[in-house]
Structures are given as C-alpha cells and as structure tokens.
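J.: quick one, structure for this:
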Amino acid sequence: MSNLKYERWWSLHLRVAKGETLSSLEEYDYAIGLSQLDSEAAATDGETVSYLRTLRAAINRASKLHTELTTRSVDLDKKIAALEANYQRLTGQALNWEPYAPA
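T.: As a prediction, this is how the structure comes out:
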C-alpha cells in the first residue's frame, strides 16, 4: 500500500476507532485498505516463517556436524593417548607436549 493510500486509510481508521460513522464510499475504502494490510502482513509472515525454517534446518545440520566432530575428536584423543603410552613403554621417554586441542 502506498504512503498516500495508507495515510487516507489511517485517517478512516482513527474515525472508526472513535466510533464515527463513515459514508458508504469511506466504509468501502476502509475495508479494502484493511484487507490489503492484512494480506501484506500475511505475506511478510509467510516469508519470515520460511526464513526461520531455513535457519532452523541450517542450525540442525551444524549441530549434527558438531556432534560428529566432537565424537571423532574424543576417539582421536584416545588413540593419541594409547600411542603415547606405547611410545613411553617402548622408549622410557614421555611425550610432554600437546600439539592439538583436546575435546
């Protein structure tokens, strides 16, 4: 709805809210404006809901990937610990450094 049409509708709306009587033409214009505003709001709501659903799906995919990577990181930490223990057992020397970020 254009700004001019909205301003005209708004003045009618204020009159209706005050309980004033509108002419037949004004009632028609008011009803058409109200219908147009409702349909514009519904279209915007639909786009918003669609966008939110897209975001939710992306978040779910990222969460699943995070869980998979965390599990993989824990498995790798266990393997590293086992290899370091074997190295220490075989050589008698401890590896006292952490070149990775533990989970």
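J.: distance of Trp9 relative to Thr70?
T.: Using Cβ to Cβ, to the nearest Å, one gets 55 Å for the distance from Trp9 to Thr70. Heads up, the C-betas are built off the backbone N, CA and C, glycines and all.
J.: looking at the two, which is more packed in?
T.: Trp9 (19 against 11; other Cβ atoms under 10 Å).
J.: give the burial count for the residue nearest to the more buried one when sequence neighbours are not counted, as a bare number.
T.: Closest residue in space to Trp9, ignoring its immediate chain neighbours: Gly33 at 3.4 Å, by Cβ to Cβ, 6 or more residues apart in numbering. As a burial measure, Gly33 scores 18 neighbours (other Cβ under 10 Å).
J.: so how far is the host helix or strand of Leu14 off the chain centroid?
T.: According to DSSP states H and E, Leu14 maps onto helix 3-17. The chain centre lies 34 Å from the centre of helix 3-17; the measure is Cα atoms, centre = their mean, to the nearest Å.
J.: number the chain from 776, please
T.: With the count now opening at 776, the last piece we talked about shows up as helix 778-792.
J.: could you dump it to CSV, C-alpha only?
T.: What follows is helix 778-792, C-alpha atoms only, in CSV (Å, rounded to 0.1, in the frame of the first residue of the first chain):
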residue,chain,number,x,y,z
ASN,A,778,2.1,6.0,1.7
LEU,A,779,-0.7,8.2,0.4
LYS,A,780,-3.3,5.4,0.5
TYR,A,781,-2.1,4.4,3.9
GLU,A,782,-2.5,7.9,5.3
ARG,A,783,-6.0,8.0,3.9
TRP,A,784,-6.8,4.6,5.4
TRP,A,785,-5.3,5.6,8.7
SER,A,786,-7.5,8.7,8.9
LEU,A,787,-10.5,6.5,8.3
HIS,A,788,-9.2,4.0,10.9
LEU,A,789,-9.0,6.7,13.5
ARG,A,790,-12.5,7.8,12.8
VAL,A,791,-13.7,4.2,13.1
ALA,A,792,-11.8,3.8,16.4
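J.: need the residues that contact it.
T.: Applying Cβ atoms under 8 Å, 6 or more residues apart in numbering, the contact partners of helix 778-792 are 776, 797, 801, 804-805, 808-809, 812.
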